[in-house]
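Undergrad: my questions are about this predicted structure, shown below with the sequence.
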Amino acid sequence: MKKIILGSSSPRRRDLLSVITPHFTVQSADCDEHIAPGTGPVEAVRALSLRKAAAVWALQSDPAGAAVIGCDTVVSLDGEIFGKPHSHAQAVEMISRLAGRAHTVCTGVTVITAEETRTFHETTEVHFYPLTPQEIEWYCSLEEPYDKAGAYGIQAAGALLVRGLTGDYFNVMGLPIAALARCLREMGVTAALAEP
């Protein structure tokens, strides 16, 4: 089996990958995360996941024995991509716009081995409850929104904003593990969907 390297510093992605296998290391690398204006969410996450995986792949001393996983997640509403908020005001604006509406969470995943490179994406539709200005202010006063695309985390207090979803819950957390497990197995990186 290959040495699996998760090219992400996200603790959520680390936890999720451990459902598939406990045998991996984490390594991230700087890469250009700029996306041209007008780029759609699917195209953006696929391109960024490939860039991130390629940047980590380039650091490998034994690439023949490695499998690098790169990921990127975005939230979009009406075709507009929401990244991570850089301020309280930006978080309030994002959550206000998402309130009472359905939006899309898209994660791109790239797996690179010496034999091949595969990129795929998963899309999940998330429905928010209507929210009062006080509820939005309360949520945005937490630390939670500031390191997450779209300014919320579904796995913590952000779950209180969510009416429901259609698609992969774990995709909203940043790693569609069912699809990734199948990809890793098909590429010969793992022997089964999950490893002890």
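TA: Alright, I've got the coordinates.

Undergrad: where exactly do the helices run in the protein?
TA: Across the chain, reading from the start of the chain, the helices by DSSP state H fall at 11-20, 41-57, 88-98, 133-140, 169-173, 177-186.

Undergrad: pLDDT score for the residue nearest to the spatial centre of the chain?
TA: The chain has G174 as the residue nearest its centroid, 2.7 Å off, counting by Cα atoms, centre = their mean. Looking at G174, its pLDDT is 95.

Undergrad: okay, the nearest residue to it once chain neighbours are set aside and M187: tell me how far apart.
TA: Using Cβ to Cβ, 6 or more residues apart in numbering and skipping residues adjacent in sequence, the residue nearest G174 is T73, 4.7 Å away. The C-beta positions use only the backbone N, C-alpha and C, and glycine is treated the same way. For T73, the distance to M187 under the criterion Cβ to Cβ, to the nearest Å works out to 21 Å.

Undergrad: out of those two, which sits in the busier spot?
TA: T73 (31 against 17; other Cβ atoms under 10 Å).

Undergrad: wait, the more buried one touches V45, no?
TA: Yes. Look at T73 against V45 with Cβ atoms under 8 Å: they come within range, at 6.6 Å.
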